[in-house]
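Q: Fold the stuff below for me.
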Amino acid sequence: MRFGLFLAAMAATAASALAQDAFLTGAQIKVAFAGKTVSGTEDGSAYQEKLLANGSIQGRSNLDGSYTGEWEVDGNEICFYYDDDDDDEDDDCSRVVLKGASVIFVDDDGSRSRATLR
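A: Purely as a prediction, here's the structure:
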């Protein structure tokens, strides 16, 4: 019983912490990301993506090697499109929380991924 209460308290604390962090607006996303490099891990593979001011992406991952794509701001979300992406999803758009160099991408379904912005 104590463990269940502990987990419930931890989940509430995590949700409260994210709620206190403000999502960036579209204009803030453009300023924060243009010309910067995003790095993180996805599906167990480390990646780095240079987000150029013209909307293109120059990326590299341990799994796929070099790749390219495009990024844009749509409303208050950042969207990523990859040239070699065979995924059936139309887009990969997320809301953004930025704390220093730490980025949290929040998808429409509430799932979160973390990265670093430099």
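Q: Residue 50 pairs with what?
A: Listed by DSSP bridges, the beta-bridge partners for residue 50 are residue 37, residue 58.
Q: wait, it sits on residue 57?
A: Yes - Residue 50 is in contact with residue 57 according to Cβ atoms under 8 Å; the separation is 7.0 Å. The way it works is simple: take the backbone N, C-alpha and C, and place the C-beta from them, glycine included.
Q: of these two, who's got more company?
A: Using other Cβ atoms under 10 Å, the more surrounded residue of residue 50 and residue 57 is residue 57, with 18 against 14.
Q: Can you report how many residues lie near the nearest residue to that one once chain neighbours are set aside?
A: In space, and not counting its chain neighbours, residue 57 is closest to residue 69: 4.1 Å by Cβ to Cβ, 6 or more residues apart in numbering. For residue 69, the neighbour count with other Cβ under 10 Å is 18.
Q: Quickly note the distance from the most centrally placed residue in the chain to residue 65.
A: Nearest to the mean C-alpha position of the chain, counting by Cα atoms, centre = their mean, stands residue 105 at 3.3 Å. Distance, residue 105 to residue 65, using Cβ to Cβ, to the nearest Å: 23 Å.
Q: and what of residue 40?
A: Taken as Cβ to Cβ, the span from residue 40 to residue 65 is 17 Å.
Q: other SSEs contacting the longest strand seen in the chain?
A: Looking across the chain with DSSP state E, the single longest strand is strand 65-74. Counting contacts by 3 or more Cβ pairs under 8 Å, 6 or more residues apart in numbering; DSSP states H and E, the secondary-structure elements packed against strand 65-74 are helix 26-33, strand 56-61, strand 77-82.
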